[in-house]
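Enquirer: Below: sequence and its predicted model.
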Amino acid sequence: MQPFIERSPYFYTLPTDIRRIIIQNNLNGTGSFNSVLASAEANVFDNEIHIAACNEIYGTDYVKEGHRFLSRMESNRALLKIMLMIFAFSSNCSIVTYDYTINFINSSTINTLYLFRIQNTFIIMLWKYLLYQYGYIDAIKCFVRLVKNYLDVLTRTHENVSKQHWKMVDNIVEKTTHSLALDN
């Protein structure tokens, strides 16, 4: 997910503290959503070795639920990528769990406006695309399904208690935050 966001020119228009906030607050949710998209594109549920490895890390029930979820996912990848950008440039698009070991980063209203402008651009693009593809009523239905899919991924990710998964996520967030600090 990190390379995807960093390739966006919008990412570098943001102050460093806002970049850090969106990575800390959104990496888990958008990363999980992006992994579902990558899983669909790679047809991972057709690969027995991959399924066996995931069963070992996450558990059989989690993998079966992931397969069911993937079958319900919107097939229009361009639409999903636009939605992913909207979530990635959100001030917080994950389930909030307070971590006492991390200092709270306060974002001012001015800094939040940076994100609002970026989100507004992607939301307008998404809405116009939905209208073009589906018409008004079906565009609304599709948008609701997209949000529900994201919330399902978020909920399922939050329910996952795999220590190995959370170590991987924490490691990615730490490395990304460190790389942002080096950029300054």
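Expert: Structure's in. What do you need?
Enquirer: When you work out contacts or count neighbours from here on, use the C-alpha atoms and nothing else.
Expert: Noted.
Enquirer: Give the closest residue to the spatially most central residue of the chain in space, chain neighbours not counted.
Expert: For the chain, residue 30 is the residue whose C-alpha lies nearest the centre (C-alpha atoms, centre = their mean; 0.8 Å). Closest residue to residue 30 apart from its sequence neighbours, by C-alpha to C-alpha, 6 or more residues apart in numbering: residue 88 at 6.1 Å.
Enquirer: Now for residue 26, how many residues are close by?
Expert: Residue 26 is flanked by 22 other residues according to other C-alpha atoms under 10 Å.
Enquirer: host element of residue 90?
Expert: With elements taken from DSSP states H and E, nothing contains residue 90; it lies in neither a helix nor a strand.
Enquirer: quick one: it and residue 114, what's the gap?
Expert: Distance of residue 90 to residue 114, computed by C-alpha to C-alpha, to the nearest Å: 10 Å.
Enquirer: what is in contact with the two at once?
Expert: Residues touching both residue 90 and residue 114 (C-alpha atoms under 8 Å, 6 or more residues apart in numbering): there are none.
Enquirer: Could you list the low-pLDDT ranges of this protein?
Expert: Applying pLDDT under 70 to the chain flags the ranges 96-111, 160-166, 183-184.
Enquirer: Can you show me the helices along it?
Expert: Using DSSP state H, the helices of the chain run over residues 2-6, 16-42, 48-58, 60-72, 77-88, 109-134, 136-159, 163-183.
Enquirer: could you check the angle helix 163-183 makes with the third one?
Expert: Looking back up the chat, that one is helix 48-58. Using axes from the mean of the first three to the mean of the last three C-alpha atoms, to 10 degrees, the direction of helix 48-58 lies 90 degrees away from that of helix 163-183.
Enquirer: Report all helices and strands that helix 48-58 contacts.
Expert: Applying 3 or more C-alpha pairs under 8 Å, 6 or more residues apart in numbering; DSSP states H and E, we find helix 48-58 packed against helix 60-72, helix 163-183.
Enquirer: Out of those helices, which is closest to residue 8?
Expert: Between residue 8 and the helices and strands packed on helix 48-58, the shortest gap by C-alpha to C-alpha is with helix 163-183, which sits at 15.0 Å.
Enquirer: which other residues reach the closest one?
Expert: For helix 163-183, the external contacting residues (C-alpha under 8 Å, 6+ apart) are 2, 16, 19-20, 23-24, 27-28, 57-58.
Enquirer: Only whichever of those residues are buried, select them in ChimeraX.
Expert: Selection command for ChimeraX covering only the buried members of the contacts of helix 163-183, criterion 16 or more other C-alpha atoms under 10 Å:
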select :19,20,23,24,27,28,58
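Enquirer: was I right about residue 90 contacting residue 120?
Expert: No: with contact defined as C-alpha atoms under 8 Å, residue 90 does not reach residue 120; the gap is 10.5 Å.
Enquirer: These two: which is more packed in?
Expert: A direct count of neighbours by other C-alpha under 10 Å for residue 90 and residue 120 places residue 90 higher, at 20 against 12.
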